[in-house]
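*Asks:* what follows is a predicted structure for the sequence shown.
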Amino acid sequence: MRHGLWLEDLFVTPERRGLGLGRLLLEELAGICVERGYPRFEWWVLDWNTPAHGFYRSLGAVPQDEWTVWRTDGEALVTLGRRR
């Protein structure tokens, strides 16, 4: 098993952007990975969020194109949940 960290959501309010808060958080989490010997730190970014793509690339992050997000919600979720 390969351990790692998963960041569920990172949102910096518009008035706080550019202050380095997002970078500080990512640096802290990356440091935890290094300290614990975790080989990876991952998060998702919406395809349309090109400013975030540029920011993450500037930190050395690379997109992982081999994954597709799947979701079930609404009636399909209810139907699937009833099957147990």
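*Replies:* That came through, no problem.
*Asks:* count residues in the vicinity of residue 66, would you?
*Replies:* Counted with other CB atoms under 10 Å, the neighbours of residue 66 add up to 5. All C-beta spots, glycine's among them, are computed from the backbone N, C-alpha and C.
*Asks:* what does the pLDDT read for it?
*Replies:* Looking at residue 66, its pLDDT reads 86.
*Asks:* quick one: the strands in this structure?
*Replies:* 5-7, 41-43 (DSSP state E).
*Asks:* pick the most buried one from those.
*Replies:* strand 41-43 (a mean of 14; mean count of other CB atoms under 10 Å).
*Asks:* neighbouring strands of that strand in the sheet, and parallel or not?
*Replies:* Using DSSP bridges, the strands paired with strand 41-43 are strand 5-7 (parallel).
*Asks:* figure out how far the partner strand is from the centre of its chain.
*Replies:* 6 Å (CA atoms, centre = their mean, to the nearest Å).
*Asks:* next one: stretch 76-84
*Replies:* Chain-centre distance of stretch 76-84: 27 Å, with CA atoms, centre = their mean.
*Asks:* ok, stretch 40-59 next?
*Replies:* Going by CA atoms, centre = their mean, where stretch 40-59 is centred and where its chain is centred differ by 8 Å.
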